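> Below is the sequence, then the predicted model.
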Amino acid sequence: MSEPPSSRPPHRAAAAPADKRGLFERLVEFLSPGPDSTDELMATLADAEQRELIAPESRVMLEGVLRMADMSAGDVMVAAPRMDLLDIAAPYDEQLANVIATGHSRFPVYEGTRENVIGILMAKDLLKLQRSPDLNLRTLLRPAVFVPESKGLNELLRDFRANRNHLAMVIDEFGNTAGLLTIEDVLEEIVGEIEDEFDETATAAENGIYTLADGSHRVAGDTDISAVNQVFGTDFPEDEFDTIGGLIAHQLGHVPRRGEASEAGGLQFQVMITRGGAVRWFRVARQTVPPAGARD
């Protein structure tokens with residue numbers, strides 16, 4: 001005897017979600033598919049700017065976001081030999097002089113050797129020792145954050161925001177200090193250079209050369225060679241290089257790094273800031289000539 005038919009409706013495959021796009025939208029996508037790579041997306045952004053669909057500043061920021069996705073902490077850090085650190089055992093006057101000379105707001109503090117970073121000191125906290133000389137500097141230190149060189153900038157920026165941290169020490173695969181980087185270093189990969197104490201007002205010198213309080217000069221990396229020759233009385237070749245940054249890079253044989261120094265034409269050029277693979281600012285001072293009796 002056969003079984004009675006089931007009262008349940010026959011099983012049907014789940015229907016695919018309806019494509020709510022119109023025929024025209026589907027036709028446009030078929031004829032002009034979206035970019036399949038970062039390079040194609042970059043080209044699409046350039047085309048959008050050319051057609052005035054986005055502003056040039058927007059394109060620069062979007063490209064910065066795309067590039068940052070492939071960058072790590074090791075790509076933008078300040079290398080260990082060029083870090084500005086404070087020795088916890090140094091006298092207060094020496095520490096204050098270092099803070100004033102470098103102009104940073106945060107400093108890694110080490111004990112014994114530069115490899116042994118024990119914390120981060122806010123420059124403003126150092127002023128507390130003026131009013132309370134008996135205060136222990138260790139109590140003013142904030143915990144140091146350590147990240148590997150391979151840590152992606154996207155993830156690092158997320159950590160900076162979540163932890164309200166502005167500086168991280170970078171370590172290599174062996175656990176040694178490789179360098180440091182700040183939240184400003186990360187953001188500048190997106191928005192370009194952030195205005196800081198080295199930026200001038202509209203009344204700044206037009207040739208990119210500024211006299212500092214100690215008699216040295218701050219010189220923009222894109223300053224014309226002719227302007228440098230005129231101000232410093234040098235005779236750098238004006239037909240071989242357009243800018244002083246190009247001349248110094250050629251002399252060094254590589255792109256100058258922050259903190260690196262080079263001598264040319266009786267002047268010492270120390271790199272203060274680099275941006276986008278080029279020198280933004282040099283600190284330039286005349287080489288000191290030793291007394292006649294001190295020469296060999």
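Received, thanks.

> Which residue, other than its chain neighbours, is closest to the most centrally placed residue in the chain?
For the chain, the residue sitting closest to the mean C-alpha position, by CA atoms, centre = their mean, is residue 185 at 2.9 Å. Ranked by CB to CB, 6 or more residues apart in numbering and with sequence neighbours excluded, the top spatial neighbour of residue 185 is residue 76, at 5.0 Å. From N, CA and C alone the C-beta is placed, and that goes for glycine too.

> need the strands for the chain, in chain order.
Under the criterion DSSP state E, the chain contains strands at 78-79, 86-87, 106-110, 117-122, 146-148, 167-171, 177-182, 209-211, 217-220, 261-264, 267-275, 278-286.

> now the second one: mean pLDDT?
Looking at strand 86-87 alone, the average pLDDT works out to 94.

> Now do the contacts for residue 156.
With contacts defined as CB atoms under 8 Å, 6 or more residues apart in numbering, the neighbours of residue 156 are 73, 147, 168, 181, 186.

> Of these, which pair is most distant in space?
The span of the contacts of residue 156, defined through CB to CB, is set by 147 and 186 at 11.3 Å.

> what number of residues lie near the residue lying closest to residue 265 once chain neighbours are set aside?
Excluding its sequence neighbours, the residue lying closest to residue 265 (CB to CB, 6+ apart) is residue 234, at 3.9 Å. In terms of burial, residue 234 registers 14 neighbours under the definition other CB atoms under 10 Å.

> So what does residue 234 look like in phi/psi?
Listed backbone geometry of residue 234 is phi -90, psi 170, with angles given as degrees, to the nearest 10.

> Tell me if I'm right that it and residue 228 touch.
Yes: proximity of residue 234 to residue 228 meets the contact threshold set by CB atoms under 8 Å, at 6.2 Å.

> Let me have the strands of the chain in TSV, adding distance to residue 95 and mean neighbour count as columns.
What follows is these, written out as TSV (distance: least, CB to CB, whole Å; neighbours: other CB atoms under 10 Å):
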stretch	distance to residue 95	mean neighbour count
strand 78-79	19	18
strand 86-87	5	20
strand 106-110	9	21
strand 117-122	8	19
strand 146-148	23	16
strand 167-171	17	22
strand 177-182	18	22
strand 209-211	27	15
strand 217-220	24	21
strand 261-264	23	14
strand 267-275	21	19
strand 278-286	21	20
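
> which stretch among the ones you listed comes nearest residue 63?
With CB to CB, the closest approach to residue 63 among these belongs to strand 267-275: 14.8 Å.
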